[in-house]
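In: Output the structure for:
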Amino acid sequence: MRFAIYVPCYGDTYGDPAVLGDLAVEAEAAGWDGFFMWDHVVAQPLVADPWVTLGAVAARTSRITLGPMITPVP
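Out: You can find the predicted model right below:
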């Protein structure tokens, strides 16, 4: 069995890509298998783009699986 975490990408804390990158690095070090982010429209003042943030996370991690949880089809 594999285990992953998923996080929102908005708000005062999780709207910051640096915070999400740190969290992904810690998740990988703790042995988690995946790191997934929400990808949807929210009405919050601070929203981190999940695709750009996942790219930054990929640069800081080496083995953890990354991806969005929801990808809206226009």
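In: what packs against the longest helix that the chain contains?
Out: Longest among the helix segments of the chain by residue count, using DSSP state H, is helix 17-29. Applying 3 or more Cβ pairs under 8 Å, 6 or more residues apart in numbering; DSSP states H and E, one finds that helix 17-29 contacts strand 4-7, strand 34-37, helix 50-60. All C-beta spots, glycine's among them, are computed from the backbone N, C-alpha and C.
In: Out of those, which is closest to residue 22?
Out: Checking those against residue 22 by Cβ to Cβ gives helix 50-60 as the closest, at 8.5 Å.
In: Buried residues, that closest one. List them.
Out: 50, 53, 54, 57 (16 or more other Cβ atoms under 10 Å).
In: quick one, it and helix 17-29 angle?
Out: 50 degrees (axes from the mean of the first three to the mean of the last three Cα atoms, to 10 degrees).
In: what's helix 50-60 in contact with?
Out: 9, 17, 20-21, 24-25, 35, 37-39, 66-68 (Cβ atoms under 8 Å, 6 or more residues apart in numbering).
In: and the next element down the chain from that helix?
Out: strand 65-68 (DSSP states H and E).
In: and that following strand, what other elements does it pack with?
Out: Against strand 65-68 (3+ Cβ pairs under 8 Å, 6+ apart) you get strand 34-37, helix 50-60.
In: about what we covered before: now the longest helix of the chain: buried residues?
Out: Quick answer for helix 17-29 (16+ other Cβ under 10 Å): 17, 19, 20, 21, 23, 24, 25, 27, 28.
In: hang on, the earlier thing: can you put the helices and strands packed on strand 65-68 in JSON lines and add distance to residue 44 and mean pLDDT?
Out: As requested, the helices and strands packed on strand 65-68 are arranged in JSON lines below (distance: least, Cβ to Cβ, whole Å; pLDDT from 0 to 100):
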{"stretch": "strand 34-37", "distance to residue 44": "14", "mean pLDDT": "95"}
{"stretch": "helix 50-60", "distance to residue 44": "13", "mean pLDDT": "94"}
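In: what's the closest of the helices and strands packed on helix 17-29 to residue 13?
Out: Closest approach to residue 13 among the helices and strands packed on helix 17-29 is made by strand 4-7 (9.6 Å; Cβ to Cβ).
In: Perfect, I'm done here.
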